[in-house]
Structures are given as structure tokens and as C-alpha cells.
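Colleague: Here is a sequence with its predicted model. Questions after.
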Amino acid sequence: MTLIAIFFPFISFLLRGRILTGIICLILQITLIGWIPAAVWAVISLQNARADKRNRKLIRAMKSK
């Protein structure tokens, strides 16, 4: 998924269900200069989503004990 976020940033957002963000990212990545910020944005967003998922799992485990 990280490689998709680097090479096809807008697809990374679309696969995670963030359609409007994916469209905005596509508009940004159409320009060559905008490709790098779009890729960085997609990778950071992916890492944040993974961290949120991990935190939800930890909170759920703490509540069950």
C-alpha cells in the first residue's frame, strides 16, 4: 500500500474510501511539481490511518480487561 501511495497517491485515497480527498490529490498530482507533495500527503495519511487503527485496537483491548 505504501508503494501505491508513492506512485499513485490518488488511488491510495480511493482505496481507503476517501473519494473527495482522492480527487483533490489527483488534481494536485497532475502537475509534475505537485506529484511530490501529493505522494508525501498520501504516505503521511496512510501512516496516520495505520496509527489510528492501532490505537483503536489498544483502547479496545484495555477496555476488555
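Modeller: Received it, and whenever you're ready, just let me know what you need. Computed from a prediction, not measured in an experiment: that's the story for all the values here.

Colleague: State which helix of this structure is the longest.
Modeller: With secondary structure taken from DSSP state H, the chain has its longest helix at helix 32-64.

Colleague: What's the mean pLDDT across that one?
Modeller: Summarised as a single mean, pLDDT over helix 32-64 is 91.

Colleague: which secondary structure elements does that helix contact?
Modeller: helix 2-7, helix 9-15, helix 19-29 (3 or more CB pairs under 8 Å, 6 or more residues apart in numbering; DSSP states H and E). Every C-beta, even on glycine, is put in place using the N, C-alpha and C of the backbone.

Colleague: out of these, deepest packed?
Modeller: Mean neighbour count (mean count of other CB atoms under 10 Å) peaks for helix 9-15 among these, with a mean of 21.

Colleague: could the helices and strands packed on helix 32-64 go into JSON lines alongside distance to Arg60 and mean pLDDT?
Modeller: As requested, those are arranged in JSON lines below (distance: least, CB to CB, whole Å; pLDDT from 0 to 100):
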{"stretch": "helix 2-7", "distance to Arg60": "25", "mean pLDDT": "87"}
{"stretch": "helix 9-15", "distance to Arg60": "24", "mean pLDDT": "91"}
{"stretch": "helix 19-29", "distance to Arg60": "26", "mean pLDDT": "91"}
